[in-house]
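Return a 3D structure for these sequence lines:
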Amino acid sequence: MSSNSPQSNHQPDLDETINVAQAHGRVVSESAATAREKRIADNGHEPISLWVIVACGLVLLVAGGVLGSAGKWFDYDSLVRENYVRSKPPGLEDTGPKPKEALVAFSERGAKVYATKCTGCHGNAGRGDANYPSLAGSAWVTGDTQKFAMVILNGLQGPTSTGKVYGAGVMPAQGAGMTADDLAGLMTYLRNNFGNSVGDVVTKQMAQAAFDASAAREKAGSPVTAEELTAKHQLMLPGDPLDPKAMVLPTTLEPAK
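Numbering: from 1, shown residues only. Below is the predicted model of the structure:
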């Protein structure tokens with residue numbers, strides 16, 4: 001019979017006795033049950049049971065306790081040498097400033113202070129001019145350290161060590177903003193440069209004693225005079241001497257260890 005016959009238009013696509021909604025629900029339910037019963041993990045591996053993990057953990061804890069108490073496997077004192085110090089990683093040995101001889105390190109610090117505070121009057125060579133005295137060969141520079149420190153910290157009014165009064169009349173105080181490290185470096189530098197060769201190191205301890213002596217002056221804050229220096233400060237600053245060749249750290253001027 002031709003497909004264009006009138007009867008073909010009335011032929012149903014499905015059996016009218018089948019409930020399509022129920023059939024679809026039954027297929028979905030059966031698929032879900034199958035997935036639950038036959039679960040397949042990624043890459044074809046089944047997950048490890050939680051009980052297996054717990055059992056392995058208990059075994060490891062027990063074994064660790066036995067080994068730690070009986071064999072001292074984890075005892076720090078038995079495994080690490082006394083006074084052990086971890087070595088530096090490769091490449092770090094050369095980092096940071098290297099120690100220098102004390103006379104060199106203190107003088108380098110002093111040269112920086114001199115360039116900031118002193119060159120404007122005494123010049124790069126420390127020779128001074130008609131208005132300011134020379135520091136080269138000065139008896140106050142190379143003599144008693146407390147006398148020299150008082151001049152630096154407080155300034156000077158009147159004649160210098162030679163008895164001459166220079167054109168400027170008054171040397172301004174240089175102690176403002178200066179630390180004990182700065183003063184120690186500056187005094188060491190001046191006592192061993194510009195032709196001066198005392199050969200000693202003015203330590204930080206000595207420099208701090210100079211600050212204390214300056215603060216204890218009757219006329220604290222005013223310039224010193226030659227009379228005051230001779231009467232009260234003709235002394236060497238107290239403190240333990242430092243070997244000029246002793247190695248120190250240039251950044252802190254502390255002994256190198």
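
where exactly do the strands run in the stretch 151-257 of the chain?
156-157, 170-171, 247-248 (DSSP state E, counting those that start in this stretch).

With respect to burial, which of those scores highest?
A comparison of these by mean neighbour count, using mean count of other C-beta atoms under 10 Å, puts strand 156-157 on top with a mean of 20. Bear in mind the C-beta positions are built from the backbone N, C-alpha and C, glycine included.

Mind putting the strands of the stretch 151-257 of the chain into a markdown table with mean pLDDT and distance to Cys121?
Listed next are the strands of the stretch 151-257 of the chain as a markdown table, based on pLDDT from 0 to 100; distance: least, C-beta to C-beta, whole Å:
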| stretch | mean pLDDT | distance to Cys121 |
| --- | --- | --- |
| strand 156-157 | 96 | 12 |
| strand 170-171 | 91 | 8 |
| strand 247-248 | 97 | 30 |
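
I'd like the ones you listed laid out as CSV, including distance to Val198.
As requested, the strands of the stretch 151-257 of the chain are exported to CSV (distance: least, C-beta to C-beta, whole Å):
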stretch, distance to Val198
strand 156-157, 20
strand 170-171, 21
strand 247-248, 18
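
for whichever strand or helix holds Phe148, packing partners?
In this structure, Phe148 sits in helix 145-154 according to DSSP states H and E. Counting contacts by 3 or more C-beta pairs under 8 Å, 6 or more residues apart in numbering; DSSP states H and E, helix 145-154 is packed against helix 139-142, helix 180-191, helix 204-215, helix 226-232.

what packs against the third one?
If contacts are counted by 3+ C-beta pairs under 8 Å, 6+ apart, helix 204-215 sits against helix 145-154, helix 180-191.

thinking again about what came up before, between the strands of the stretch 151-257 of the chain, which gets nearest to Leu50?
Taking C-beta to C-beta, strand 247-248 is the member of these nearest to Leu50, at 64.2 Å.

coming back round to it: what angle do the helix holding Phe148 and helix 204-215 make?
60 degrees (axes from the mean of the first three to the mean of the last three C-alpha atoms, to 10 degrees).

Residues in contact with helix 145-154: which ones?
140-141, 171, 173-175, 178, 183, 186-187, 190-191, 202, 206-207, 209-211, 213-214, 217, 221-224, 228-229, 233-237 (C-beta atoms under 8 Å, 6 or more residues apart in numbering).

So what's the model's average confidence on it?
Average pLDDT, helix 145-154: 98.

Check stretch 187-200 too.
97.

For it, buried residues please.
For stretch 187-200, burial by neighbour count (16 or more other C-beta atoms under 10 Å) applies to 187-194, 196, 198, 200.

now do stretch 209-217
Result for stretch 209-217 [16+ other C-beta under 10 Å]: buried residues 209-211, 213-214, 217.

could you give the mean pLDDT of it?
97.

Also stretch 116-135?
Stretch 116-135 comes out at a mean pLDDT of 94.

Residues touching that stretch, excluding its own?
Contacts of stretch 116-135 (C-beta under 8 Å, 6+ apart): 136, 141, 160-162, 164, 166-168, 171, 174, 178, 186, 190, 193-194, 196.

Kindly recompute the last result at 6 Å.
Residues from elsewhere that reach stretch 116-135, judged by C-beta atoms under 6 Å, 6 or more residues apart in numbering: 136, 141, 160, 166-168, 174, 190, 194.
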